[in-house]
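Q: Model the structure of this input:
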Amino acid sequence: MYDTIIIGAGMSGLAAGIRLAHFDQRVCILERHNTVGGLNSFYRQRGRNFDVGLHAVTNFAPKGARRGPLARLLRQLRLAWDELALSPQVGSAIAFPGVRLRFSNEFALFEAEVRRHFPHQIDNLRRMVAELADYDQLGLGDTNRSAREVVGGYLDDPLLVEMIFCPLLFYGGAREHDMDFGQFSIMFRAIFLEGLARPLAGVRLILGRLARKFKALGGELRLRAGVSRISVKDGAVEKVVLEDGAELHARKVLSSAGWRETMGLCDDVRPGGERTAGRVSFIETISVLDAEPRSLGHAQTIVFYNDSDSFCYEKPDELADLRSGVICSPNNFVYDQPLGEGVMRITSLANYDRWAGLDDNAYRLAKLRWYDKVVASAVRFVPDFRSSVIDTDMFTPTTIRRYTGHENGAVYGAAQKSYDGRTHLKNLYVCGTDQGFVGIVGTLISGISIANRHLLKV
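A: Predicted coordinates:
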């Protein structure tokens, strides 16, 4: 008998496991794949390591900072700042036709850019920033307010509104066009007020630290241990049945698999009000270069781009949407040593149904064609690096579905979140994407907060 079984060894599941193990709970994390991380993971191909999922860690705070989400999660997980080895971004930008807003981990730069391009909006921006929800609320107090409606009450220049929403939606938008104002508040602070960072070793370092700490505290991590069914009796989880037929018992179960995916495992008749599956999915191209991007003229960390004054964040009709995207260079962080080979990653909105409907041969051809299309679209906004490409790869919405289990390959899960983590069963809770916290740090805090609130009662 375990105190807690955690379904899924992604960031939130690992964080919850560490938190519980600190209090001497007997914890077992079940992961159906052969490695941890979910979509925020890595793989080795043709002798190279490829990161997937993580572009940057949001909510950066310098060493010694005592406030903010990063400092909070370090305290809760009892990690030293140096263990994450975070290097800050060089500087990023939002690029729309005729306007490019630069930002860094110093909010003064973004303010100056708004003052330069939108001089009549600077006071409005400052007023909005001053009244954003406090981090201690973690967005839970504004779960049904449209962020676009609230922001529109502060900023009356439509172009500036679209430019601000572009990075926030790309990095945390579970629903099309809009987000809850509480989530907007979290993401705005995470990206603009605190900023971006990355370990030199990428997501491998973060996942390795978390997994080792969990096991060192006595936690049990089972890989290739997919859950086939959650057996329900008298309004509670009775047991968890694995795909190999093994049955596990626990006083409480925490799932990071997603709301609909977790409900689909329960063998009882669930109450009405089923939540709709998310529709937002991505493709991402990865280009390995024979030179550092900065030597090719590209010195920014991340560029969020859109080719018109209106930003359309929705499931496209075609395989992918070439009008907008995110260009990330993992090289362009302030490391103590060079990353090695140059890398450019480009993310675009995509249509899961169209990718899933392709047979194997058509799928392979589509990846080749859309790699070229996505890169051609992106080099309108950054120096053309195509002559320096020596290796490529690409993931699609079907990749996301395979590694996360999310219906429709929805990167950020269902549009409606369960902010308190509760389900219809008295000992089953959810954390992670469908609990509502976004970004790498937000995902980690999700696991911690649900563990504290429902499994430890602290």
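
Q: residues in contact with stretch 107-126?
A: Outside stretch 107-126, the residues within contact range by C-beta atoms under 8 Å, 6 or more residues apart in numbering are 91, 99, 101-104, 129, 154-157, 159-160, 192-193. Placement of C-beta: from N, CA and C, glycine included.

Q: Compare those and tell me which is most surrounded.
A: Phe103 (26 neighbours; other C-beta atoms under 10 Å).

Q: Closest one to Cys28 out of the contacts of stretch 107-126, please.
A: When these are ranked by distance to Cys28 (C-beta to C-beta), Leu193 comes first, at 37.9 Å.

Q: and the closest one, that one's in a helix?
A: Yes - under DSSP: H, G, I helix; E, B strand; the rest coil, Leu193 falls within a helix.

Q: Excluding chain neighbours, what is closest to it?
A: Closest residue in space to Leu193, ignoring its immediate chain neighbours: Phe107 at 5.3 Å, by C-beta to C-beta, 6 or more residues apart in numbering.

Q: same deal with Ser228?
A: Glu243 (4.6 Å).

Q: Against Glu261, how distant is the one you found?
A: 14 Å (C-beta to C-beta, to the nearest Å).

Q: Tell me which of the two has more neighbours.
A: Using other C-beta under 10 Å, the more surrounded residue of Glu243 and Glu261 is Glu261, with 22 against 13.

Q: In which helix or strand does the more buried one reside?
A: Here Glu261, judged by DSSP states H and E, is contained in helix 259-265.

Q: And the residue nearest to Leu193, how far from Gly208?
A: Phe107 sits 32 Å away from Gly208, going by C-beta to C-beta.

Q: which stretches of the stretch 251-400 of the chain form helices?
A: Using DSSP state H, counting those that start in this stretch, the helices of the stretch 251-400 of the chain run over 259-265, 352-356, 360-378, 397-404.

Q: What's the first helix or strand after the worst-scoring helix or strand of the chain on mean pLDDT?
A: Of all helical and strand segments in the chain, the minimum by mean pLDDT, DSSP states H and E falls on strand 41-45, at a mean of 70. Once the chain leaves strand 41-45, the next helix or strand it forms, by DSSP H and E, is strand 48-52.

Q: Within the sheet, what are the partner strands of that next one, with directions?
A: strand 41-45 (antiparallel) (DSSP bridges).

Q: Not counting its own residues, what contacts stretch 331-345?
A: 48, 55-56, 87-90, 197-198, 200, 284-296, 298-301, 327-330, 382, 385, 388, 390.

Q: go on, stretch 297-307?
A: With contact meaning C-beta under 8 Å, 6+ apart, stretch 297-307 is reached by 55-56, 89-97, 102, 162-163, 166-167, 170, 196, 293, 323-329, 332-333, 344, 377-378, 380-383, 385.

Q: buried subset of those residues?
A: For the contacts of stretch 297-307, a burial check counting by 16 or more other C-beta atoms under 10 Å picks out 55-56, 89-96, 102, 162-163, 166-167, 170, 196, 293, 323-329, 332-333, 344, 377-378, 381-382, 385.

Q: How much space separates the residue lying closest to Val240 once chain neighbours are set aside from Asp24?
A: Of all residues not flanking Val240 in the chain, Leu248 sits nearest, at 4.7 Å (C-beta to C-beta, 6+ apart). From Leu248 over to Asp24 the distance is 19 Å, taken as C-beta to C-beta.

Q: So between these two, which is more surrounded?
A: Leu248 (17 against 10).

Q: dump the residue contacts of the more buried one.
A: Going by C-beta under 8 Å, 6+ apart, Leu248 touches 2, 5, 28, 30, 239-242.

Q: now do 10 Å
A: Taking C-beta atoms under 10 Å, 6 or more residues apart in numbering, we find Leu248 in contact with 1-2, 5, 28, 30, 222, 225, 227, 239-242.

Q: same deal with Val374?
A: Going by C-beta under 10 Å, 6+ apart, Val374 touches 283-285, 320-322, 325, 327, 346-348, 350, 394.

Q: and Val150, how many residues sit next to it?
A: Neighbours around Val150, by other C-beta under 10 Å: 18.

Q: Check which helix or strand it maps to.
A: Element membership of Val150 [criterion: DSSP H and E] is helix 147-152.

Q: what's the offset of that helix from the middle of its chain?
A: Counting by C-alpha atoms, centre = their mean, to the nearest Å, helix 147-152 is centred 23 Å from the centre of its parent chain.

Q: Check which residues of that helix are buried.
A: Residues of helix 147-152 classed as buried by neighbour count (16+ other C-beta under 10 Å): 147-148, 150-151.

Q: For Ser41, name its beta-bridge partners.
A: Following DSSP bridges, Ser41 is listed with bridge partners Val52.

Q: Distance check, it against Thr399.
A: With distances taken as C-beta to C-beta, Ser41 is found 11 Å from Thr399.

Q: intersection of neighbour lists for those two?
A: Val52.

Q: Where do the strands of the stretch 101-250 of the chain begin and end?
A: Applying DSSP state E, counting those that start in this stretch to the stretch 101-250 of the chain gives strands spanning 197-199, 220-222, 227-233, 236-242, 247-248, 250-255.

Q: would you list those in JSON lines and tack on distance to Tyr371?
A: Formatted as JSON lines, the strands of the stretch 101-250 of the chain follow (distance: least, C-beta to C-beta, whole Å):
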{"stretch": "strand 197-199", "distance to Tyr371": "23"}
{"stretch": "strand 220-222", "distance to Tyr371": "35"}
{"stretch": "strand 227-233", "distance to Tyr371": "35"}
{"stretch": "strand 236-242", "distance to Tyr371": "38"}
{"stretch": "strand 247-248", "distance to Tyr371": "42"}
{"stretch": "strand 250-255", "distance to Tyr371": "35"}
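
Q: my guess is Gly172 contacts Gln183, does it?
A: Yes - Gly172 is in contact with Gln183 according to C-beta atoms under 10 Å; the separation is 6.3 Å.

Q: Comparing these two, which residue is more hemmed in?
A: The neighbour comparison of Gly172 against Gln183 (other C-beta under 10 Å) goes to Gln183, with 29 against 23.

Q: That one contacts Val150, correct?
A: No - Gln183 lies out of contact with Val150 (C-beta under 10 Å); the separation is 11.4 Å.

Q: re earlier: anything in contact with each of Gly172 and Gln183?
A: Residues within reach of Gly172 and of Gln183 at once, by C-beta under 10 Å, 6+ apart, are 412, 436-439, 442.

Q: Return the subset of the residues you listed lying in helices.
A: In helices, defined here by DSSP state H, the members of the shared contacts of Gly172 and Gln183 are 439, 442.
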